[in-house]
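K.L.:
coords please:
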Amino acid sequence: MARYLVRCECGANVPVEAGQAGRRVACPCGLAIDVPPLRLLRHLPQEAAGPTRSAATWGARQGILTLCLLVTSVLAAFTAWSWWTEPMLPKFNPEVQAAQMERQIDALTPRQAWQLWAYEYRPLAESGFAQLSNPLEPAIRAEIDRRRLLRRVMLVVAGLFAAGAVVATFWPRASTSPR
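P.N.:
Predicted coordinates:
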């Protein structure tokens, strides 16, 4: 809004607004000054516009900070999801497995028992029996190891982006000195 300068008897210029037209205002010296009507007020000199502060703009610093925080949040969320959905090794009970094998062997016909012995147990007898274990355990362990490595990598990358956000926040602003 434009501010007009009304001259006081003391020589000071008192800034007034258009809404004060026709009223009296006080000068800093203490005298009351009559403000001219609006049609005459428009012909008075206007107050020089002081340095106005521009509205905050979106700069590179804010973009870097937002990008770093967004990537950190996404990586942290994916890490939490990976941890939450990680497969667990099932509890393996050798007694239950042995009982189940006994039931399967009891249900075999003599011919099926002979084929089982000839093709599976005979080679095992020659090379040695392995301890009973869950046949899916190596695949589950590999998946768990893969996920843990992926989580470590994601947390390191998220940490780097978080450090980038901290640096972007506290890095000194570029000085804009006239040349």
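
K.L.:
Helix or strand: which one has Tyr4?
P.N.:
strand 3-7 (DSSP states H and E).

K.L.:
Packing partners of that strand?
P.N.:
strand 13-17 (3 or more Cβ pairs under 8 Å, 6 or more residues apart in numbering; DSSP states H and E). All C-beta atoms are positioned from the backbone trio N, CA, C, and that covers glycine.

K.L.:
mind checking how far the residue of the chain positioned farthest from its centre is from Leu116?
P.N.:
Distance from the C-alpha centroid of the chain peaks at Pro110, with 65.9 Å (Cα atoms, centre = their mean). Computed as Cβ to Cβ, to the nearest Å, the Pro110 to Leu116 distance reads 11 Å.

K.L.:
per-residue confidence for Asn13?
P.N.:
Looking at Asn13, its pLDDT reads 90.

K.L.:
From Ala99, how far out is it?
P.N.:
105 Å.

K.L.:
check which helix or strand covers Phe161.
P.N.:
Assessed by DSSP H and E, Phe161 sits inside helix 137-170.

K.L.:
Going by neighbour count, list what's buried in that helix.
P.N.:
Residues 147, 151, 154, 158, 161-162, 164-165, 168 are the ones in helix 137-170 that count as buried (16 or more other Cβ atoms under 10 Å).

K.L.:
now swap in stretch 39-49 and tell me
P.N.:
Of the residues in stretch 39-49, those buried (16+ other Cβ under 10 Å) are Leu41.

K.L.:
Any chance you could list what contacts that stretch?
P.N.:
2-6, 13, 15-16, 18, 21, 35-36 (Cβ atoms under 8 Å, 6 or more residues apart in numbering).

K.L.:
List buried members of these by neighbour count.
P.N.:
4, 6, 16, 21, 35-36.

K.L.:
For the protein, give me the ranges with low pLDDT.
P.N.:
1, 50-56, 128-133, 174-179 (pLDDT under 70).

K.L.:
hey, where'd the helices end up in it?
P.N.:
For the chain, applying DSSP state H gives helices covering 38-41, 60-84, 94-106, 110-116, 122-127, 137-170.
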